[in-house]
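**Q** how would this look folded up:
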Amino acid sequence: MKTFFDRGLSSIWDFILTEYFIDAVRTTSSVVIPTALLFYLGYNHIAIGVGLGALLVAVSDTPGDVYERATALVISSVILSLVSLITAILLAHNILLAVLIAVSCFVFSMLSVFGSSAAAIGSMALVMMIFTIGLKPGNAPAFCCYILLGGLWHTLMTILHMRRMPYRRIRHALSECTREIATFLTAKASFYDEGIAVNDCFEEVITRHITVSEKQDALRSILLKDNFLIHSSDPRGLQLLQVGARVIDLYEQILAIHYDYADIRRMLAELDLLGPVNRMIKLMADEMKQAGRSMRTTRPSKPYIPVMQRTPLLTRQLTQAQFSATRLNASLLKQIITNFEMIDTSMQSIWQLLSGEPVSEQVISGSDAIRFFDTERFSLQQLTKHLSLRSPILRFSLRISLICLGAYMAITFVSHGKYSYWILLTIIIVARPGFNNTRRRNFQRITGTAIGIAIAFGILFFIHSFNIEVGLIVFFLLGYLSFLYVNYLISVIFVTLLAVMGLHLLGGNNNELLLERSYDTILGCAIALIAAFIFPFWEAHRLNDFMKSMLSANISYLQILHHYVAGEPVDIIAYKLARKRIFIASANLSRAYLHMKSEPQNDLPDKELFFDFQIVNHQLYASVAALFLKAKFNYSSPGSPGGADMVQQAIGYLEEGLCQLSGTNPALVKIEQEPLKYIPIVPRAYEDILSEQLNLISTLCYSLNATMGQLIIRQCD
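**A** Residues are numbered from 1 along each chain as shown. Take a look at the predicted model:
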């Protein structure tokens, strides 16, 4: 019981230290302080407008440097205030308001073509429109000014916070990324557990890769978009850049630990080493999680002691087993131990940087940094690319416009409930372009609302103190903002309590509040889910596009390898860009596959074959990464024409597959040429590494093309 209690306290304290909670406290303060002050002075209408403006502008906030975030927050404040003005003016004209709802839903949903920041502003603009319909402000210009004032107030608070603690968000991103990598490593430990099927292990690893890729992308965005950090001479900033680079390299190192797991399980089982290897991997994963926690603070509280030094008995058991193993098994064991040592060394390097080790060199230049992310540009050309029914963004925009128009007409001319606007609000929040996301949000929204209403019923029944109720509202707001990006279901519980308690204090009837909240939420969720079949865009129809991107990324990755094997110089930035492209393309492919499996219109002929495609693809880029790591990025490699020919043949397999997917090679020709058997001509010390890895890479490309060819044939049947 004590252990469970200690773990609970540790988890709570761990969450309190996260940027999610710190941001929630800051946002809650920026909403509550002016609202409470204005209510105290008797300016109730101003208080509601300022608080609402501050809250919605805060929710529209997205990561970025000071300039980007400040610009986006000001734009959000202006757009939300204008939306509230136009909506308030048209409240008395039902037909014009219906037209406004339809047009606004389409226009603001289309903003997502310009990136995540524009999409967030568009979503909050629609929420602002619905809240204005519900609040029915009497003085439209005044209400507009209150919204603008609240938004600008939150913008000011955000800028001051970022100036005062410029590195906090970077530490948070580093922490999140490192801890997800640790989770990925824990998933890899399952390969050394005979109780888990190898394919199940691959499914877990591929799924975890999606999350790691997202966290890496967020980390790169924060680190490399920040001009202050890139051009700073501040040692703290340079250290964080170094840590970020090494954390991403660490993931590549873990990813590159790849074997024929069926064979290695048999080998380790014979040596009675499956358990020790599994335990060592989990210990290293735990150490990474601890490092992730330490990244949130100024410096680690204790020096790093390598895991292999802290577990001498386990290390000795692995080392001594080499002497009793066969030559091949001893070689594999040596490779496993070397991998453990490399991870330990990388972790020690990261820990030393976190402890304040001086950084002498610049990690990346500003011109190179900009190559790692896509700048969000607002151009007509970017918009026109999505003005086609092939675009999921356009299809979703049309869908949300139609269902919101229909819902508004229904609640205007059929249902006259006081809080009927909650139906529109639920649709706006729950509906998503993909069926899988819409279905998951439906479940979370309905479940969270039911729990929230049950708790609200108990609070309203037992508590009748105004001061306690106000305190609870502040607590519910803090809870909603804390879990908004962590656990949507919990955030729904808090926002339901916030809405019910807030309207209760404003004079709402308790029974009416609870009843309407219930059926409006259910009705809104049902409409959003059924509407997913209007202008649908199933993930199964996009799989070929994701496979093209994946093959193209693999080709770019192998071209870097070709330069290396041919003895040509390799640009480290070009290599890391190719690596980034591989990570993102593979994550997009896996995500689409997972979403597709839950879609009702799932017409993929052979899911198992497609899963095999993902496994081979994962093995391919892991094997290429392993070769680079084993060569230790020795870009002055001796030339190897035989090896270069093998890599070129592997590229040819992928290019042939890309042509077939693109339709430029309609004849599905069976591959007759087997992968070349490479005879290495490089120095003996490097012979085994290059020979083994290139043979494997060529074979994997051959298998990938063959598997993909079978998929294409079955899709045509």
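**Q** residue 402 contacts residue 534, doesn't it?
**A** Yes. Between residue 402 and residue 534 there is a contact at 6.4 Å, judged by C-beta atoms under 8 Å. For the C-beta atoms, the positions are set from N, CA and C on the backbone; glycine is no exception.
**Q** for those two, indicate the residue with more neighbours.
**A** Between residue 402 and residue 534, counted using other C-beta atoms under 10 Å, the more crowded position is residue 402 (16 against 13).
**Q** three-state assignment of residue 268?
**A** helix (DSSP: H, G, I helix; E, B strand; the rest coil).
**Q** please name the nearest non-neighbouring residue to it.
**A** Nearest residue to residue 268, sequence neighbours excluded (C-beta to C-beta, 6 or more residues apart in numbering): residue 274, at 4.6 Å.
**Q** so where do the helices sit in the stretch 601-717 of the chain?
**A** 607-630, 641-662, 684-716 (DSSP state H, counting those that start in this stretch).
**Q** rewinding a little: tell me, how many residues neighbour the residue nearest to residue 268?
**A** 19.
**Q** and it, how close does it get to residue 307?
**A** As defined by C-beta to C-beta, to the nearest Å, residue 274 lies at a distance of 18 Å from residue 307.
**Q** quick one on the thing from earlier: quick one, grab the pLDDT at the residue nearest to residue 268.
**A** On pLDDT, residue 274 comes in at 86.
**Q** how close does it sit to residue 265?
**A** Residue 274 is 7 Å from residue 265, by C-beta to C-beta.
**Q** any common contacting residues for those two?
**A** 192, 194 (C-beta atoms under 8 Å, 6 or more residues apart in numbering).
**Q** contacting residues around residue 523?
**A** 423, 426.
**Q** what about residue 326, how many neighbours?
**A** Considering only other C-beta under 10 Å, residue 326 is surrounded by 11 other residues.
**Q** so what's it up against?
**A** Counting by C-beta under 8 Å, 6+ apart, residue 326 has no contacts.
**Q** please apply the same query to residue 579.
**A** 252, 557, 625.
**Q** the spatially closest residue to residue 137 that is not a sequence neighbour is in what secondary structure piece?
**A** Of all residues not flanking residue 137 in the chain, residue 143 sits nearest, at 3.8 Å (C-beta to C-beta, 6+ apart). Element membership for residue 143 (DSSP states H and E) is helix 140-164.
**Q** what's that helix packed up against?
**A** Judged by 3 or more C-beta pairs under 8 Å, 6 or more residues apart in numbering; DSSP states H and E, helix 140-164 is in contact with helix 19-41, helix 44-59, helix 66-89, helix 116-135.
**Q** just the residues contacting it, thanks.
**A** 26-27, 29-31, 34, 45-46, 48-58, 61, 66, 69-70, 73-74, 76-78, 80-82, 84-85, 88-89, 128, 132, 135, 137, 169.
**Q** could I get the pLDDT score of the residue nearest the centre of the chain?
**A** The residue lying closest to the centre of the chain (C-alpha atoms, centre = their mean) is residue 214, at 3.3 Å. Residue-level confidence at residue 214 comes out at 87, pLDDT.
**Q** ok, now residue 165?
**A** Reading off the model, residue 165 has pLDDT 79.
**Q** distance of it from residue 181?
**A** 25 Å.
**Q** neighbour count: the two, which is higher?
**A** residue 181 (27 against 11).
**Q** ok, and the closest non-adjacent residue to that one?
**A** residue 251 (4.9 Å).
**Q** so what's that neighbour up against?
**A** Residues near residue 251 by C-beta under 8 Å, 6+ apart: 181, 184, 212, 216.
**Q** any chance of these in a markdown table, with distance to residue 389 and secondary structure too?
**A** Formatted as a markdown table, those follow (distance: C-beta to C-beta, whole Å; DSSP: H, G, I helix; E, B strand; the rest coil):
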| residue | distance to residue 389 | secondary structure |
| --- | --- | --- |
| 181 | 40 | helix |
| 184 | 38 | helix |
| 212 | 34 | helix |
| 216 | 33 | helix |
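**Q** no further questions, thank you.
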